[in-house]
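J.: A structural model of the following input is requested.
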Amino acid sequence: MIATLKTLIKFIIYYIINFFISASKEIKPRSILLIRLDAIGDYVLFRNYIEVLKKSEKYKDYNITLLGNNVWKCLSEELDGEFIDESIWLDRNKFNKNFMYRYKKLKEITSSGYELVLSPAYSREFFYGDNIVKLIYAKEKIGSIGDTSNIKVWQKNISDGYYTKLIPAKNELMFEFSRNKEFFENFLHTKLETNKPHIDLKPKELPFELPQKYTILFIGASASFRKWNIERFAQVGMWLKEKYGYEIVLCGAPSDSEDTFKFRDSFKGEYIDLVGKTSLVDLLYVVYNGGLMLSNETSAPHFAVGLEMTNIFVISNGNHYGRFTPYPEKMAPNYHAIYHPDIEKDLNDYQKLSNSYGHSSSLDIHEISFETVQNKMREVLHG
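T.: Prediction:
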């Protein structure tokens, strides 16, 4: 009841803000506004289709403006610059909570009209992408038919009408990279050869030195239920160093800095602590040069897959099983997921697991033991 009331109040306030937005009716010729506002991992699984759009026969001469989430701004500027002509960056947290920021950002976004507004996200969001699509002046507004993961049914019934066309999608759980491929194949009316995420890096000198042979332990994640026990990370690190001769490089976001103290207290020996000390771009190079990664299920393994790292081990409680984890084997044979025991015992029953955990999982990630991780690594590393 309280959540419904809050949603209603937000709807009213945002409606009032929208009332004061006067979109430009001047359309830039041969222009596209491409909207993608979700998280870093989602971006990695989407970004290769920016190149596909830019090189497509129909849109190769169009000016593409990207409206993106500012958390991956530096990545996109580094990786997508040759395919993006202009960009607008949005702070999701401020857009949601700061009404003046929201008003100013909407004024900026709607200051130009476009021939095409393209919003490919399958899990649309009513108060973000859909609201923006509503306000922009454009000849065409195309989005995905979508699901109701991030939007209520009544909201979707309203915002479906904001689009001039909704691209159909299979009504089944699908790995997110493949879902993006489905959208662009249906949108462009052509079969695409893009079969897996890939990231191409330019030569770059890092502001720190790295060992010749090292394992990355990525201890961060966007939510606490995705974070494996930090003492067990340390235990695995010591075993990898002793057994296989890997040096240990600890990585994570600035928000993970408190966990580094727990790691330091548990790890016996020397290691390199880069938690909160690298940009996302520098992190790509750390991943690229690493020999092995052990990570929570977060954006880091997506980097590793795109960079074709040899050994990627991902600890997960099964959240979004089938959509973000595991990778299809043909797409990333080097990706090895390690799940909660309740999932591990049913690994041969994809249908059961995707039905049970495709949207969420309440399984306790700390019930994944050190021995389970160790045995999986031994199996892959042959010894």
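J.: Quick check: phi and psi on residue 142?
T.: Backbone geometry at residue 142, expressed as degrees, to the nearest 10, gives phi -120, psi 130.
J.: For the closest residue to it other than its chain neighbours, grab the count of nearby residues.
T.: Distances taken as C-beta to C-beta, 6 or more residues apart in numbering place residue 165 nearest to residue 142, at 4.8 Å, with adjacent residues excluded. Where you see a C-beta, it was placed from the backbone N, CA and C, and this is true even at glycine. Using other C-beta atoms under 10 Å, residue 165 has 10 other residues around it.
J.: What distance do you get for the closest residue to residue 262 other than its chain neighbours to residue 222?
T.: If the residues on either side of it in the chain are set aside, residue 262 comes closest to residue 230, at 4.6 Å by C-beta to C-beta, 6+ apart. Relative to residue 222, residue 230 is positioned 16 Å away (criterion: C-beta to C-beta, to the nearest Å).
J.: and if you look at residue 338?
T.: Distance from residue 338 to residue 222, by C-beta to C-beta: 19 Å.
J.: And the two? Which one has more around it.
T.: Legend: neighbour count by other C-beta under 10 Å for residue 338 and residue 222, higher for residue 338 (22 against 16).
J.: Would you tell me what helix or strand the more buried one is located in?
T.: strand 335-339 (DSSP states H and E).
J.: From the chain's centroid, how far away is that strand?
T.: Relative to its chain's centre, strand 335-339 lies at 18 Å (C-alpha atoms, centre = their mean, to the nearest Å).
J.: So for the following helix or strand past that strand, what gets flagged as buried?
T.: Under the assignment DSSP H and E, the closest C-terminal helix or strand after strand 335-339 is helix 341-344. Neighbour-count burial for helix 341-344 flags 342, 343 (criterion: 16 or more other C-beta atoms under 10 Å).
J.: Just give the closest residue to residue 228, not the sequence neighbours.
T.: Nearest non-adjacent residue to residue 228 (C-beta to C-beta, 6+ apart): residue 315, at 4.6 Å.
J.: buried stuff in the helix or strand harbouring the one you found?
T.: Residue 315 is located in strand 311-316, with elements delineated by DSSP H and E. Residues of strand 311-316 classed as buried by neighbour count (16+ other C-beta under 10 Å): 311, 312, 313, 314, 315, 316.
J.: which of the residues you listed lies closest to residue 303?
T.: residue 312 (9.6 Å; C-beta to C-beta).
J.: surely that closest one meets residue 338?
T.: No. Taking contacts as C-beta atoms under 8 Å, residue 312 lies outside contact range of residue 338: 10.9 Å.
J.: Name whatever forms a beta bridge with residue 142.
T.: residue 118, residue 165 (DSSP bridges).
J.: That one touches residue 116, doesn't it?
T.: Yes. Counting by C-beta under 8 Å, residue 116 is a contact partner of residue 142 at 6.7 Å.
J.: was I right about residue 306 contacting residue 44?
T.: Yes. Using C-beta under 8 Å as the test, residue 306 is close enough to residue 44 to be in contact (6.0 Å).
J.: what touches both of these two?
T.: When contacts are counted by C-beta atoms under 8 Å, 6 or more residues apart in numbering, residue 306 and residue 44 have 197, 199 as shared neighbours.
J.: coming back round to it: mean confidence score for the strand holding residue 338?
T.: On average, the pLDDT along strand 335-339 is 98.
J.: what sits up against that strand?
T.: Contacts for strand 335-339 (C-beta under 8 Å, 6+ apart): 297, 301, 304-305, 311-318, 325-327, 344, 347, 368, 372-373, 376, 380.
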